[in-house]
Each structure stands twice: as structure tokens, then as C-alpha cells.
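*Asks:* Just need the structure, nothing else, for what follows:
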Amino acid sequence: MKLPIVSLAGLASGDWAVRHAIARSLGAVCREVGFFYLVDHGVPEAIVQGAFGGARRFFELPLADKERLSIRHSLHNRGYVGMADERLDPAAGSDQKEAFNIGVDLPADHPDVVASKPFRGLNFWPELPGFREPLLEYFAACLALGRELHRLFALDLGAEESFFTRHLTNPLATLRLLRYPGGPADGARHDAGAGTHTDYGNVTLLATDGVAGLEVASRSGEWIDAASMAGAFVCNIGDCLMRWSNDTYVSTPHRVRQPARERYSIAFFLEVNPDSIVDARDIFPDQPAKYPPIDCATYLASRLDATYGYRSR
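*Replies:* Predicted coordinates for the structure are as follows:
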């Protein structure tokens, strides 16, 4: 089995029939498997490689320099996550990866930062010349693409195309650099690169360096190898959008097995504005909602607190 492919070719033409056809194609895979390769997405390869270059430079820093930027010093999901600090699947042991999280880059005098609103803190930046700009360029490109996907989601779900626009003016987006060290897993500890989990937000855009590792659970319980595809993002629906779509879309379990050699990936997690109310009745007013309404920041905090066991995000 292979993941389906969704192409955005022709989207920029403005042709309404093409736009609806792409929305229907996207919606079909979101209903059936919730994972897909996204091609013809318009993000230049140079921007992608600039972000990977920054990731390699960061993870090559001495551990002490990375630890000074620890996520444990942040209340807003920013900073460095050390090796084995996460257990996405506690039964599988500690995740064998390290990570670095960047959020929307706000100045220190921004009203949300001054008020210490949830997930509105300052980014932690290493003392690496030329590191910040390529990462923010990549962040902006992924955010623009994520907004475009949400217009297609809305069309497919039968809502106004602009339904999600007001929820994505200043969203809770996180860019996560990831490094998996590679090597055989310790069978006694059942360690994995990343344990089985579903993502928390609306949609994830994942870029990989070509090293295998990501696996996706099929509806029948088989594990599908999400092999790298040149020029493509691996995308998936998160729990929040599944909730908002009243389970029309599926958020699918996935994992990263510990790779045989070092592996880098970059995940862009897109959630909506922190005060946006996630309520399926806004899309499906004639259906009983399967979940109570909740604001995005509260929902995200509940999921992250369960993962970490402390309020670091």
C-alpha cells in the first residue's frame, strides 16, 4: 500500500472547476486515510533546503548550547527538546529524537507577548549567524500553503471557501526541526524514533531528507511505509480538524521507527487562532456535534500537557 498523491497543479489559474476538482480530490483522501503526498505545492526547493541547512547547524551545536534554549524554560511551546524527553507512546519507551520548536515570531512589545497569552511567547534563537531568516522564510511559505489548503477543506466540506480565513489571521503555528540519531533500537526498552501518535492540530506539512522511517497506520491496521518523495510534502489531518469536521476527516496514527542512519525532518503544525472556537455545528448546522465547543488554545494545551506532564507549551 502507498499513500495517495494530491496535486495542486492548476490551482493558481483561478479556474473554478479546477479548484473544485482539487478540493474534491483532497477531501477524498482526508476522509479515507488522512495522509497524503502533496505535490505541485509551490514552495521553492531552495527555501526547503535553507531550512534543512539551519536544522543541521542547530543540532550540531554542543548540548549545553542547545539546553540553554530548552522548552522547559518556555510556557509557549518554544525551544529545544532533548533526546528521549518525549514519549508520544509511553508503552514504546522514550522517543529517540531531539527537536527545536519555533512559533509565530513576535516582538517583545507585542500586546499578546506582554499579556503572556497562551502560545504567544518569544521564540528562542541560537547564536548562529544567518540561522533565523531562512527558518522564518520557510515558516511563511508553509503558512501560506496551509491557508490555501484550508480554503480547499472548506470547499470540500460544503462551507464557504473563506470559512477558515478569519480563524487563520494569527494562528498557532509551530515549525519543528527534528533529528533522529539512527542506529538499532534497544529491544529491552522498545525505543522508537517517535512513538505511535496522532497530531493535535489541523494539518501538518512534513518535509524529509530522504531517509526512511515514517510509517502510517491503514484502516485495516497495517503499517504503510511513507517513503520519501522528491519535491513533495507528506501531509496529514490532525485531531482538531477531525473534531471540527465532525469526524468527516480522519486523524490517522503514525510513528517513526528508529532509522538505520541519521534522519532529519521538518514538521509544520498548523492550528488556528488561539481564541477560535472549534465547533462542528458551524460547518454542519444540521448535524449533532460529536464534541463540545472548545477554543483552540485550551484544546492544544490539554494535548501538550498530556504529552509532557508539565506546562511547557
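*Asks:* so what's the most centrally placed residue in the chain up against?
*Replies:* Nearest to the geometric centre of the chain sits F269, at 2.4 Å (Cα atoms, centre = their mean). Taking Cβ atoms under 8 Å, 6 or more residues apart in numbering, we find F269 in contact with A173, T174, L175, R176, D199, Y200, G201, T204, G238. C-beta coordinates here come from the backbone N, C-alpha and C atoms, glycine included.
*Asks:* change it to 6 Å
*Replies:* T174, G201, T204 (Cβ atoms under 6 Å, 6 or more residues apart in numbering).
*Asks:* same thing with A230?
*Replies:* Residues in contact with A230 (Cβ under 6 Å, 6+ apart): none are found.
*Asks:* Please report the distance of it from T252.
*Replies:* Distance, A230 to T252, by Cβ to Cβ, to the nearest Å: 23 Å.
*Asks:* helix/strand/coil for the residue nearest to the centre of the chain?
*Replies:* On the three-state scheme (DSSP: H, G, I helix; E, B strand; the rest coil), F269 is labelled strand.
*Asks:* now do K117
*Replies:* Following three-state DSSP, the label given to K117 is coil.
*Asks:* How many neighbouring residues does it have?
*Replies:* 15 (other Cβ atoms under 10 Å).
*Asks:* Kindly state the pLDDT recorded for it?
*Replies:* As summarised for this prediction, K117 has a pLDDT of 88.
*Asks:* what does L145 give?
*Replies:* pLDDT, L145: 98.
*Asks:* pLDDT at S74, what is it?
*Replies:* For S74, the predicted pLDDT is 88.
*Asks:* Identify each buried residue in the helix or strand hosting C142, please.
*Replies:* Here C142 sits within helix 132-157, counting by DSSP states H and E. Within helix 132-157, the residues that count as buried by 16 or more other Cβ atoms under 10 Å are 134-136, 138-139, 141-143, 145-146, 149-157.
*Asks:* Adjacent strands (with direction) for the next helix or strand after that helix?
*Replies:* Once the chain leaves helix 132-157, the next helix or strand it forms, by DSSP H and E, is strand 173-180. Using DSSP bridges, the strands paired with strand 173-180 are strand 98-102 (antiparallel), strand 263-270 (antiparallel).
*Asks:* Please compute how far the first one lies from its chain's middle.
*Replies:* Shown here is strand 98-102, whose average C-alpha point lies 12 Å from the average C-alpha point of the whole chain (Cα atoms, centre = their mean, to the nearest Å).
*Asks:* between that strand and helix 132-157, how many degrees?
*Replies:* 80 degrees (axes from the mean of the first three to the mean of the last three Cα atoms, to 10 degrees).
*Asks:* Touching the helix or strand following strand 98-102 from outside, list them.
*Replies:* The helix or strand immediately downstream of strand 98-102 is helix 111-114, counting by DSSP H and E. For helix 111-114, contacts defined as Cβ under 6 Å, 6+ apart pick out L106, R120.
*Asks:* Go through helix 111-114 and flag the buried ones.
*Replies:* Of the residues in helix 111-114, D112 count as buried by neighbour count, 16+ other Cβ under 10 Å.
*Asks:* quick one: average pLDDT of that helix?
*Replies:* pLDDT averaged over helix 111-114 gives 92.
*Asks:* Residue ranges in the chain under the pLDDT threshold?
*Replies:* 184-191, 306-313 (pLDDT under 70).
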